[in-house]
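Trainee: Below are the sequence and a predicted model for it; my questions follow.
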Amino acid sequence: SAFCKGILKKIFRANNYPLARCSCCDAVLVTQKPSETELKNIYSASYFSNPKYKNTNALQKEHQRRLNIIRRYIKKHSKILDFGCAQAEFVEYATDEYDMYGFDFYENAIQEAHKKRPELISKLKAGILTETCYLPESFDGVVLWDVIEHLWDPTETLKKLFHFIKPGGFLFISTPNINSLSAIFLKQYWALMTPPEHLSFLNGV
């Protein structure tokens, strides 16, 4: 699979995409790679201009919850990369306490961030992640908030991100749990089962 050397066993289709479960790590993966056209249609400007949280209070609470997690492990004013930062909402939220940077694959996301948060322009990048995007071992932490499920090859991306983390640094990941009760019960009808937007589903148990 994309995470280990387990055997993939087909389980069902969702949005006409086949999914399989890894015999080793229990991850569920989309096995048909989406085309560049499909991805461009999904991650258009409207995808990033529409807020994920309609309720501003809910967004603030989620930002605060995540910031509290980081505080437990990384001292203030340390350098942190928000990978998959979208409109850089969390970058802006945490920037008073940490030296925050943001990266996203999609230019549309960073363009929206530049419009809303021009003071962060120098801290935000978009494009293909390579080992030359940042200096080696330049971050005390990297966060992927609801990002890894969007990646076709999560392991390869994580290897590149580890290259940028200082020895003793931290990687924070949040992602839907494929073994949650709602996911187990609803299967292909689970609200977060949305290929080709979501491609990798991890077991959080």
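Mentor: That came in fine, so what should we check first? Numbering: from 1, shown residues only.

Trainee: Wasn't residue 109 part of a helix?
Mentor: Yes. Using DSSP: H, G, I helix; E, B strand; the rest coil, the assignment for residue 109 is a helix.

Trainee: my read: it touches residue 86, true?
Mentor: Yes. If you go by Cβ atoms under 8 Å, residue 109 and residue 86 touch, sitting 4.9 Å apart. (C-beta placed from N, C-alpha, C; glycine too.)

Trainee: Between those two, which contacts overlap?
Mentor: residue 48 (Cβ atoms under 8 Å, 6 or more residues apart in numbering).

Trainee: Quick check: buried residues in the helix or strand bottoming out on mean pLDDT in the chain?
Mentor: Ranked by mean pLDDT, DSSP states H and E, the weakest helix or strand in the chain is helix 45-49, scoring a mean of 81. Judged by neighbour count (16 or more other Cβ atoms under 10 Å), helix 45-49 contains these buried residues: 47-48.

Trainee: Remind me what it packs against, helices and strands.
Mentor: If contacts are counted by 3 or more Cβ pairs under 8 Å, 6 or more residues apart in numbering; DSSP states H and E, helix 45-49 sits against helix 107-116.

Trainee: Show me what secondary structure element comes after the helix it packs on.
Mentor: Following helix 107-116 in sequence order, the next helix or strand is strand 124-126 (DSSP states H and E).

Trainee: After that next one, which helix or strand is next?
Mentor: strand 139-145.

Trainee: what are the pairing partners of that next one, and which direction each?
Mentor: Applying DSSP bridges, strand 139-145 is found paired with strand 79-83 (parallel), strand 165-174 (parallel).

Trainee: Return it as CSV; C-alpha atoms alone will do.
Mentor: C-alpha atoms of strand 139-145 as CSV (Å, rounded to 0.1, in the frame of the first residue of the first chain):
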residue,chain,number,x,y,z
PHE,A,139,11.6,23.8,10.9
ASP,A,140,11.0,22.9,14.5
GLY,A,141,7.6,21.4,13.4
VAL,A,142,5.4,20.7,10.4
VAL,A,143,1.7,20.4,10.6
LEU,A,144,-0.7,18.7,8.2
TRP,A,145,-4.2,19.5,9.3
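
Trainee: ok, residues contacting it?
Mentor: Contacts of strand 139-145 with the rest of the structure, by Cβ under 8 Å, 6+ apart, involve 66, 70, 73-74, 78-84, 90, 101, 161, 164-166, 169-175.

Trainee: for the residue nearest the centre of the chain, what are its contacts?
Mentor: Residue closest to the mean C-alpha point of the chain, counted by Cα atoms, centre = their mean, is residue 147 at 1.3 Å. By Cβ under 8 Å, 6+ apart, residue 147 lies in contact with 83-84, 173, 175.

Trainee: other SSEs contacting the helix ranked longest in the chain?
Mentor: Secondary structure assigned by DSSP state H gives helix 56-71 as the longest helix of the chain. Secondary-structure packing of helix 56-71 (3+ Cβ pairs under 8 Å, 6+ apart): helix 89-94, strand 139-145, strand 165-174.
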